[in-house]
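> Predicted model follows, preceded by the sequence.
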Amino acid sequence: MVRSALPGTSLRLARLSGHGDGRLLLVPLDHSVSDGPITTPGGFDDLVRDIVAGGADGIVVHKGRARQIDPQLLASCSLLVHLSASTAHGPDTDAKVLVGDVEEALRLGADAVSVHVNIGSVTEGAQLADLGAVAAACGRWGMPLLAMIYPRGPRITAPIAPQLVAHVANIAADLGADLVKTVFAGSAEQMAEAVAACPVPVLVAGGPDTRQSLPDFARTALGAGCQGLAVGRRIFTAPSPAQAVRELADILHPPLAATLPLPLPLPVPSSRLTGVL
């Protein structure tokens, strides 16, 4: 994890990756604003419980939902409060607006905040201004900022070029983000070049693409130099969210026993070498 110049930000960034390896597995759950309920009424705590049990480093929710989560569920999982919103019913679903601020997130006990920016959208300018304003507030309060920044809008054509991914990631970094979440584009080698060009850690979005399993996608992303994943929909729609998270957590944070060197053989006492008891 890149060290911030502000001690408060540095401490909170270190807490985000509780495993101490700088890698992050985040599960965004802000889709209930954009698309509608993602679980049955009263079942949100159960979903969070499964995600935490699976080993996620953090969840991303809006401020109102953060107030409703049982605080005990987040004893070993970070809370990120999402400050941007739009809905699937608006005239421009790419137009994100701010619906919260850093001070609110601090009062809720957040470890970080996130802002969504769509580069190439009609309202790109306003979204960039919002990102800059939130970054300034994060600087005043020592709050880490995750920029969810995507090449998305009427001027963006598919397939998305890796050079464009590199551009949007650097926009986020240049405007003050401590972490960047964006799409995976091109080959692993091309994505590696885009990641290497960004001065802050890059997390890759899980996305709706199911042609590649989540574990395989995680290995590809890490191999390209990404420092983690932010996967929402493919987690909370999985038959077992806890198992889906665990499979990813074991890849991002290998179990301790698998990473420790084999123990050296114990020295044989000299008495045994001489046959003397």
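Looks like it arrived, so ask away.

> In this structure, which helix is the longest?
helix 124-141 (DSSP state H).

> pLDDT score for Thr274?
With respect to pLDDT, Thr274 has a value of 39.

> Equivalent analysis for Ala238, please.
According to the model, Ala238 scores 94 on pLDDT.

> How about Arg211?
For Arg211, the predicted pLDDT is 76.

> do Phe44 as well
94.

> That one against Gly64, yeah?
No. With contact defined as CB atoms under 8 Å, Phe44 does not count as touching Gly64 (11.3 Å). For the C-beta atoms, the positions are set from N, CA and C on the backbone; glycine is no exception.

> So for the two, which residue has more residues nearby?
Legend: neighbour count by other CB atoms under 10 Å for Phe44 and Gly64, higher for Phe44 (21 against 13).

> what residues are up against the more buried one?
29, 65, 68-69 (CB atoms under 8 Å, 6 or more residues apart in numbering).

> That one and Glu247, how far apart?
Distance of Phe44 to Glu247, computed by CB to CB, to the nearest Å: 22 Å.

> What of Ile235?
The value you get for Ile235 to Glu247, if CB to CB is used, is 10 Å.

> what about those two, which has more around it?
Between Ile235 and Glu247, counted using other CB under 10 Å, Ile235 has the larger neighbour count: 27 against 17.

> Quickly find the element holding that one.
Assigned by DSSP states H and E, Ile235 belongs to helix 233-236.

> Give the other helices and strands that that helix contacts.
Under the contact definition 3 or more CB pairs under 8 Å, 6 or more residues apart in numbering; DSSP states H and E, helix 233-236 sits against helix 241-252.

> can you rerun that using 10 Å?
Packing partners of helix 233-236 (3 or more CB pairs under 10 Å, 6 or more residues apart in numbering; DSSP states H and E): strand 24-28, helix 31-34, helix 44-54, helix 214-223, helix 241-252.

> State whether Arg49 and Ala75 are indeed in contact, as I suppose.
No. Contact status for Arg49 versus Ala75: not in contact, 11.4 Å apart, counting by CB atoms under 10 Å.

> circling back to that earlier point, which one of the helices and strands packed on helix 233-236 lies nearest to Ala112?
Among these, strand 24-28 comes nearest to Ala112, with 9.3 Å by CB to CB.

> Parallel or antiparallel, which strands does the closest one pair with?
Using DSSP bridges, the strands paired with strand 24-28 in its sheet are strand 58-61 (parallel), strand 228-230 (parallel).

> Scan the contacts of Phe44 and report the most crowded one.
Counting neighbours by other CB under 10 Å, Leu29 leads the contacts of Phe44 with 24 neighbours.

> Let me see the contact set for it.
By CB atoms under 10 Å, 6 or more residues apart in numbering, the contact list for Leu29 reads 38-39, 44, 47-48, 51, 59-62, 65, 69, 80, 82, 232-233, 235-236.

> which neighbours do Phe44 and Gly64 share?
Counting by CB under 10 Å, 6+ apart, the shared contacts of Phe44 and Gly64 are Ser32.

> how about the nearest residue to Val99, chain neighbours excluded?
Counting by CB to CB, 6 or more residues apart in numbering, Val99 lies nearest to Ala85, which is 4.5 Å off, once chain neighbours are set aside.

> On the strand side of things, show who the one you found bridges to.
Val97.

> ok, now which ones touch it?
If you count contacts by CB under 10 Å, 6+ apart, Ala85 has them with 30, 33-34, 62, 96-100, 116.

> Could you point out which residue ranges in the stretch 151-277 of the chain have low pLDDT?
Residue ranges of the stretch 151-277 of the chain with pLDDT under 70: 208-210, 256-277.

> follow-up on the earlier one: neighbour count winner among Arg49 and Ala75?
Arg49 (18 against 8).

> Against Cys77, how distant is the more buried one?
Using CB to CB, Arg49 is found at 10 Å from Cys77.

> same deal with Thr123?
Counting by CB to CB - Thr123 and Cys77 are separated by 33 Å.

> So which of these two has more stuff around it?
With neighbours defined as other CB under 10 Å, Thr123 and Cys77 compare such that Cys77 has more, 21 against 18.

> tally of neighbours for the closest residue to that one other than its chain neighbours?
Nearest non-adjacent residue to Cys77, counting by CB to CB, 6+ apart: Val52, 4.5 Å away. The local packing of Val52 (other CB under 10 Å) involves 21 other residues.
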